[in-house]
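Chemist: Need the 3D shape of this:
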Amino acid sequence: MTNESDLPVVQLTPGRWGDPAHPVDLPSAAVDALKHLGVRRPATDPAEAGPPSAAADRPGLTASQSAFLAGVVGSEHVASDLDSRWAHTRGYSTTDLLKDRAGDTSDMPDAVVYPASHDEVQELLTGCAAQELAVVPYSGGTSVVGGLAPSRRFVTVDLRRLDQLVDLDEVSRTATLQAGVRGPAAEALLAERGYTLGHFPQSYEGASIGGYAAARSSGQSSAGYGRFDQMVVGLTLATPRGTIELGRAPMSAAGPDLRQLVLGSEGAFGIITSVVVRIRPRPTERHFEGWRFENFDTGLAAVRRLAQDGPLPTVLRLSDEVETAVNLADPDVLGGGSGGVLAIIGFDGPYNQATADVLTAAGGKNIGADPGETWRVGRYRAPYLRDPLLDEGALVETLETAAFWSRIPALKTAVTEALVGALGATPPLVLCHISHVYETGASLYFTVICAQSDDPIEQWRTAKRAANQAIADAGGTISHHHGVGTDHRESYAAEIGPLAVESLRAVKQTLDPDNIMNPGILLPEA
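Modeler: Below is the predicted model of the structure:
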């Protein structure tokens, strides 16, 4: 069985997701299905779009600023050439990809800086404040909510050289990892000692430890291992005013837990340079299988029973009727599903028959290991589908939320109706699944596919505004694991209220008084 630590780190490129050497082709049945949605391939092949010309945008650094950056990390670790800057432009939302394909340079950094230690990061931030240079932290670059597009010109601090396993405490079962360690690399480093982190988001091939922490990432094995913020027991933060180290003990009653203030801060307060995380022994066996339920409501009740009363598997996800029919888990049979809804369960360790008994009692039918193995093998391939879909002229994007169990059915209906209403001129296919569960509630993850309009960026912005409002009205949170960035900034402010926003601004003013850290991300600018 291929394990996560066997996967290579993928160096993402602007405008395309994942490893360009292993693209996914749409099966002919999927292309035919797109025609029924009114999707038509554009006359100009968008896949052939390349980076902008050298004259498109030039670095805006002064001689003093350039000399400062080189003085901290060495001139060989400062890049201002077009290719390096273009490779660090924006993230991987559909809006980002559409801008990349159009050669839009509006969010391109003036330089990319590659520090090799916490001390260099700290010196950079202190000096950038004096040099009036805005800073965007970068490691995997997989943001899908505008988290890498600040409100003014900036330099990118790429953490890829902070890529070490600093310490492994086998007694406490903790590991200290630098922020630039990518997901597959972290698993490989831990596997050498017989351990796993157990954090496998769909962005796993490209995302990093620092990004996991900064955006409160949640992985596909969250039912068994928890979210990333639940794994973090300590961290180090470099800010323009100095260093903060948190996590003397696993739990403490010594005031508010400031680790939780830094987790999810998206680079607005400083740069996370390392984290101390809980680790677990690497499993010696894994089991995945599929279960079919008559409808989403029946499956939802079964999933809730497991979440509240156990025993929980490591992986637990439930697709609705539309997603089950489309079957994104297996690109080779895209569109080949057959009625009902599909749940996937997985165990890191021995198979637990008690979990299966709960699903049977709740009306589920075990349909064997094949659907589970298909999902396991293909779970990192689904994002690769977006590129060929965009090439065909489809608009495809995702959004997610979470709510208490009692609100989930109404929330799902409200968001679906909002998306269908906003995209009425290009009727969409709206898919939904649950992949993260808690005793008190769960997440909902939506995928939307429709024909592109003449202005697909504004088309999606209109739909996203409608979905955001539906989420707020139905009692959901604006983001469960994608984060805030710029896409959710105003909705987040409305969700927490003006006094809470004022409190966070006070923290930012204390740690970043010159507003150089990812300006305009997370919080509306005053």
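Chemist: any idea how far the closest residue to residue 216 other than its chain neighbours lies from residue 441?
Modeler: Nearest in space to residue 216, with sequence neighbours left out and distances taken as C-beta to C-beta, 6 or more residues apart in numbering, is residue 264 at 4.1 Å. Just so you know, the C-beta spots here come from the backbone N, C-alpha and C atoms, and that holds for glycine as well. Residue 264 sits 18 Å away from residue 441 when distances are taken as C-beta to C-beta, to the nearest Å.
Chemist: With adjacent residues omitted, what lies nearest to residue 118?
Modeler: Take residue 118 and drop its neighbours on the chain: the residue closest to it by C-beta to C-beta, 6+ apart is residue 273, 4.3 Å away.
Chemist: Scan the helices and strands of this protein for the one with the lowest mean pLDDT.
Modeler: The weakest-scoring helix or strand in the chain, judged by mean pLDDT, DSSP states H and E, is helix 28-36 (a mean of 86).
Chemist: Remind me what that one packs against, helices and strands.
Modeler: Packed against helix 28-36, as judged by 3 or more C-beta pairs under 8 Å, 6 or more residues apart in numbering; DSSP states H and E, are the following elements: helix 386-392.
Chemist: For the helix or strand just after the helix it packs on, buried residues please.
Modeler: Past helix 386-392, further along toward the C-terminus, the next helix or strand under DSSP states H and E is strand 394-404. Residues of strand 394-404 classed as buried under the neighbour-count rule (16 or more other C-beta atoms under 10 Å) are 394-403.
Chemist: ok, how many other residues are close to residue 498?
Modeler: The criterion is other C-beta atoms under 10 Å. On that basis, residue 498 has 9 neighbouring residues.
Chemist: roughly how far apart are it and residue 526?
Modeler: Remark: distance between residue 498 and residue 526 (C-beta to C-beta) = 12 Å.
Chemist: hey, C-alpha coordinates of the lengthiest helix in the chain in PDB?
Modeler: Among the elements of type helix in the chain, defined by DSSP state H, the one spanning the most residues is helix 456-473. The C-alpha atoms that make up helix 456-473 are tabulated as PDB, following Å, rounded to 0.1, in the frame of the first residue of the first chain:
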ATOM      1  CA  PRO A 456     -16.000  34.200 -14.800                       C
ATOM      2  CA  ILE A 457     -14.100  36.100 -12.000                       C
ATOM      3  CA  GLU A 458     -17.100  38.300 -11.300                       C
ATOM      4  CA  GLN A 459     -19.400  35.400 -11.900                       C
ATOM      5  CA  TRP A 460     -17.800  33.500  -9.000                       C
ATOM      6  CA  ARG A 461     -17.600  36.600  -6.800                       C
ATOM      7  CA  THR A 462     -21.300  37.100  -7.100                       C
ATOM      8  CA  ALA A 463     -22.000  33.400  -6.300                       C
ATOM      9  CA  LYS A 464     -19.600  33.500  -3.300                       C
ATOM     10  CA  ARG A 465     -21.200  36.600  -1.900                       C
ATOM     11  CA  ALA A 466     -24.600  34.900  -2.000                       C
ATOM     12  CA  ALA A 467     -23.200  31.700  -0.400                       C
ATOM     13  CA  ASN A 468     -21.400  33.800   2.300                       C
ATOM     14  CA  GLN A 469     -24.700  35.500   3.200                       C
ATOM     15  CA  ALA A 470     -26.600  32.200   3.200                       C
ATOM     16  CA  ILE A 471     -24.000  30.700   5.600                       C
ATOM     17  CA  ALA A 472     -24.300  33.700   8.000                       C
ATOM     18  CA  ASP A 473     -28.100  33.600   7.900                       C
END
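Chemist: Show the residue spans covered by the helices in the stretch 301-450 of the chain.
Modeler: Taking DSSP state H, counting those that start in this stretch as the criterion, the stretch 301-450 of the chain contains helices spanning 321-326, 353-361, 369-378, 386-392, 408-422.
Chemist: Take these and lay them out in a markdown table including mean neighbour count, mean pLDDT and distance to residue 494.
Modeler: Written out in a markdown table, the entries for these read as follows (neighbours: other C-beta atoms under 10 Å; pLDDT from 0 to 100; distance: least, C-beta to C-beta, whole Å):
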| stretch | mean neighbour count | mean pLDDT | distance to residue 494 |
| --- | --- | --- | --- |
| helix 321-326 | 21 | 92 | 29 |
| helix 353-361 | 15 | 98 | 38 |
| helix 369-378 | 18 | 92 | 36 |
| helix 386-392 | 21 | 93 | 29 |
| helix 408-422 | 19 | 98 | 16 |
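Chemist: Could you report the separation of the nearest residue to residue 195 once chain neighbours are set aside from residue 171?
Modeler: Taking C-beta to C-beta, 6+ apart, and ignoring the residues beside it in sequence, residue 195 has residue 279 as its nearest neighbour in space, at 4.4 Å. Between residue 279 and residue 171 the distance is 12 Å, computed by C-beta to C-beta.
Chemist: just for this structure, where's the confidence low?
Modeler: Scanning the chain for pLDDT under 70 picks out the ranges 1-5, 45-50, 54-56, 328-338.
Chemist: redo that, cut-off 80
Modeler: Of all residues in the chain, those with pLDDT under 80 make up the ranges 1-7, 20, 43-59, 327-339, 526.
Chemist: higher neighbour count, residue 279 and residue 171?
Modeler: Under the neighbour definition other C-beta under 10 Å, residue 279 and residue 171 were set side by side, and residue 279 has more, 24 against 5.
Chemist: what's the straight distance from one end of stretch 84-97 to the other?
Modeler: Distance between the two ends of stretch 84-97: 17 Å, counting by C-alpha to C-alpha, to the nearest Å.
Chemist: and that stretch, how far out from the chain's middle?
Modeler: Relative to the centre of its chain, stretch 84-97 is centred 14 Å away, using C-alpha atoms, centre = their mean, to the nearest Å.
Chemist: Ok, stretch 420-431 next?
Modeler: The chain centre lies 24 Å from the centre of stretch 420-431; the measure is C-alpha atoms, centre = their mean.
Chemist: quick one: which of the helices of the stretch 301-450 of the chain is nearest residue 514?
Modeler: Ranking the helices of the stretch 301-450 of the chain by their distance to residue 514 (criterion: C-beta to C-beta) puts helix 386-392 first, at 37.5 Å.
Chemist: Need the CA coordinates for that closest one. PDB is fine.
Modeler: C-alpha atoms of helix 386-392 as PDB (Å, rounded to 0.1, in the frame of the first residue of the first chain):
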ATOM      1  CA  ARG A 386     -10.000  21.600 -11.900                       C
ATOM      2  CA  ASP A 387      -7.400  22.400 -14.600                       C
ATOM      3  CA  PRO A 388      -9.000  20.300 -17.400                       C
ATOM      4  CA  LEU A 389     -12.400  21.500 -16.300                       C
ATOM      5  CA  LEU A 390     -11.300  25.100 -16.700                       C
ATOM      6  CA  ASP A 391      -9.700  24.200 -20.000                       C
ATOM      7  CA  GLU A 392     -13.000  23.000 -21.200                       C
END
